[in-house]
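A.B. asks: sequence plus the predicted model coming up.
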Amino acid sequence: MSYILDLRAKVGSQPLISVGAAVIIFNETGQFLLVHRTDTRTWGLPAGSKELNEALETTAQREACEETGLHLSNLTARFTLSGPNCQFTYPNGDQIDAVIAVYDTQVTQQQPLTPQPSETSEARFFAPSSLPELTPLTRRVLARAALL
């Protein structure tokens, strides 16, 4: 069981401070990778919560692999988001106050995208001008990255 799910079993849906990482993965044409989340049924960046004894960069790499099948290296740390605009309530009622370390990287060769069905139903590159419905936290990350 993951650290956050273990906490949820103890505290229910009340707000938790959730430390995590997101990664903006660009392709050679300037598009970036989004995943269609099974929990919110909206699109978001590959992202997730940090596990115990895990570096944030490792969190970004692990989540990207789980959600897209990509094994990433050469991540660049860009910024951290936190505060009132990073609070979110999931459809099941679980509340978080997120602290998000944002990384980016570029993939140059087309590796097959293989999303993990338990978390994501699809992974696809999008141009900034043609984005689908985004999670609120993804929208904030992309706005801060000047991609919206």
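C.D. replies: In hand now; what should we look at?
A.B. asks: what strand or helix carries the residue nearest to F79 when sequence neighbours are not counted?
C.D. replies: Of all residues not flanking F79 in the chain, V102 sits nearest, at 5.4 Å (CB to CB, 6 or more residues apart in numbering). All C-beta spots, glycine's among them, are computed from the backbone N, C-alpha and C. Following DSSP states H and E, one finds V102 within strand 95-106.
A.B. asks: low-scoring stretches of the chain, by residue?
C.D. replies: With pLDDT under 70 as the threshold, the chain has low-confidence stretches at 1.
A.B. asks: just want the most central residue of it.
C.D. replies: Most central in the chain under CA atoms, centre = their mean is A47, positioned 1.9 Å from the mean C-alpha point.
A.B. asks: what's the helix or strand for the nearest residue to it once chain neighbours are set aside?
C.D. replies: Nearest in space to A47, with sequence neighbours left out and distances taken as CB to CB, 6+ apart, is A22 at 3.6 Å. Secondary structure assigned from DSSP H and E places A22 in strand 16-26.
A.B. asks: how about the helices in this protein?
C.D. replies: 3-11, 56-68, 136-144 (DSSP state H).
A.B. asks: now, of those, which is deepest in the fold?
C.D. replies: Of those, the one with the most neighbours on average (mean count of other CB atoms under 10 Å) is helix 56-68, at a mean of 21.
A.B. asks: quick check, Q14 in contact with D97.
C.D. replies: No. Shown here, Q14 and D97 do not form a contact pair, counting by CB atoms under 8 Å, at 10.7 Å.
A.B. asks: the more surrounded of these two?
C.D. replies: Using other CB atoms under 10 Å as the criterion, Q14 and D97 rank with D97 on top: 14 against 10.
A.B. asks: my read: that one touches V19, true?
C.D. replies: No. Using CB under 8 Å, D97 makes no contact with V19, being 10.1 Å away.
A.B. asks: next, the contact list for D39, please.
C.D. replies: Contact partners of D39, counting by CB atoms under 8 Å, 6 or more residues apart in numbering, are Y90, P91, N92, E119.
A.B. asks: quick check: closest non-adjacent residue to the last one.
C.D. replies: To tie it back to what came earlier, the one meant is E119. E67 (5.6 Å).
A.B. asks: do the first one as well
C.D. replies: With CB to CB, 6+ apart as the measure, D39 is the residue that lies nearest to Y90, at 6.0 Å, once sequence neighbours are left out.
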